[in-house]
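>>> Provided below are the primary sequence and the corresponding predicted coordinates.
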Amino acid sequence: MAEAAVRVRTENLSAVYGKFTAVRGVSLGFTSNQVHALIGPSGCGKSTFLRTLNRMHELSEGGWISGKVLLDGEDIYAPQVSAMKLRRRVGMVFQRPTPFPTMSIFDNVAAGLRVNGHRSRGKIKEIVERSLRQAALWDEVKDRLGDSAMALSGGQQQRLCVARTIAPAPEVVLLDEPTASLDPQGTQRIEELLFELKKEFTIVIVTHNMQQAARVSDTTSFFYLGRMVETGPTRQMFTTPQQEQTEAYITGRFG
């Protein structure tokens, strides 16, 4: 992996997120403009690892890390780094759709822009439309932008959350099982969306669905009991894994 192509890298990262499985000694890099999948059984540390990439784990009691997480060569845990500003560069979409319930569809997408200091109504409108188009939602909501976000279906709400996340133009987008609570149609729309989004963003996705990982990702990492067992190009990982544990998981012998 060429160093110049890496935007995010962890070095000997160990972490704990609340009551969840500790991650131990993970060194891993993510190439720009690719989808990287994190797979493994429940409780193996995937989500804990994901949350360290934008310091989201700090919002839980007892969350801590050791090691480094580098974004464009800078350690995101350095004292001078603002966690709030970092999360504008490394956005996150959660397992269940989390639209702001008291806000309209438009204001949900615009929320991050206003926090970032955008004041021009015209500029905000332009970015909101672009973000909704990127999230493949514009045609479905363009005539009801003033309606409550809660009036949308679950799949639409999740795409709205994607639009809200990408509106401030982050470098990296983290997805924590974004289709776990969606029906097959909603899942398909999100998966199709990833192929377009990776043209502009580096994407890291946690998924329990190995078929999904095989469909959408360029590279895959397998986690087990808090360790990263193996990482590599997705095709290789699913056809010729190098580690017995990886093969056992992929072939359904455990998990």
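That came through fine.
>>> strands along the stretch 51-200 of the chain, start to end?
64-71, 74-75, 90-93, 172-176 (DSSP state E, counting those that start in this stretch).
>>> now those strands as a markdown table including distance to Met210 and mean pLDDT?
Heads up, the C-betas are built off the backbone N, CA and C, glycines and all. Formatted as a markdown table, these follow (distance: least, C-beta to C-beta, whole Å; pLDDT from 0 to 100):
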| stretch | distance to Met210 | mean pLDDT |
| --- | --- | --- |
| strand 64-71 | 26 | 93 |
| strand 74-75 | 33 | 95 |
| strand 90-93 | 20 | 96 |
| strand 172-176 | 16 | 97 |
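>>> which of those sits closest to Gln243?
Closest approach to Gln243 among the strands of the stretch 51-200 of the chain (C-beta to C-beta): strand 64-71, 22.0 Å.
>>> put the alpha carbons of that closest one into PDB.
What follows is strand 64-71, C-alpha atoms only, in PDB (Å, rounded to 0.1, in the frame of the first residue of the first chain):
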ATOM      1  CA  TRP A  64      -9.800   5.100  26.300                       C
ATOM      2  CA  ILE A  65      -7.100   4.200  23.700                       C
ATOM      3  CA  SER A  66      -3.400   3.800  23.500                       C
ATOM      4  CA  GLY A  67      -1.300   3.900  20.300                       C
ATOM      5  CA  LYS A  68      -2.000   6.300  17.400                       C
ATOM      6  CA  VAL A  69      -4.700   7.200  14.900                       C
ATOM      7  CA  LEU A  70      -3.300   9.200  12.000                       C
ATOM      8  CA  LEU A  71      -5.400  11.400   9.700                       C
END
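>>> who's in contact with it?
Applying C-beta atoms under 8 Å, 6 or more residues apart in numbering, the contact partners of strand 64-71 are 7-16, 25-26, 52-53, 57, 75-77, 86, 89-90, 171-172.
>>> endpoints of stretch 95-108, how far apart?
18 Å (C-alpha to C-alpha, to the nearest Å).
>>> hang on, I meant stretch 76-95
Length of stretch 76-95, first residue to last, C-alpha to C-alpha: 24 Å.
>>> gap between the residue nearest the centre of the chain and Thr240?
Taking C-alpha atoms, centre = their mean, the centroid of the chain lies closest to Leu174, which sits 1.4 Å from it. Computed as C-beta to C-beta, to the nearest Å, the Leu174 to Thr240 distance reads 28 Å.
>>> mind listing the helices for the stretch 1-150 of the chain?
Here the stretch 1-150 of the chain has its helices, by DSSP state H, counting those that start in this stretch, at 46-52, 83-89, 105-115, 121-134, 138-141.
>>> now for those helices, which one comes closest to Gln188?
In terms of C-beta to C-beta, the element of the helices of the stretch 1-150 of the chain nearest to Gln188 is helix 138-141, at 14.8 Å.
>>> what packs against the closest one?
helix 121-134, helix 154-166 (3 or more C-beta pairs under 8 Å, 6 or more residues apart in numbering; DSSP states H and E).
>>> buried set for that helix?
Buried residues in helix 138-141, counted by 16 or more other C-beta atoms under 10 Å: 138, 140-141.
>>> can you lay out those as CSV showing distance to Ile127 and pLDDT?
Compiled in CSV, the buried residues of helix 138-141 are given as follows (distance: C-beta to C-beta, whole Å; pLDDT from 0 to 100):
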residue, distance to Ile127, pLDDT
Trp138, 12, 97
Glu140, 18, 96
Val141, 15, 97
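>>> follow-up on the earlier one: most packed of the helices of the stretch 1-150 of the chain?
helix 46-52 (a mean of 26; mean count of other C-beta atoms under 10 Å).
>>> low-confidence ranges in the stretch 51-200 of the chain?
Under the criterion pLDDT under 70, the flagged ranges of the stretch 51-200 of the chain are 116-118.
>>> thinking again about what came up before, tell me who's in contact with the residue nearest to the centre of the chain.
Leu174 neighbours (C-beta under 8 Å, 6+ apart): 50, 53-54, 90-93, 203-205.
>>> quick revisit: the helices and strands packed on helix 138-141: which one's closest to Thr102?
If you check each of the helices and strands packed on helix 138-141 against Thr102 by C-beta to C-beta, helix 154-166 wins as the nearest, at 14.2 Å.
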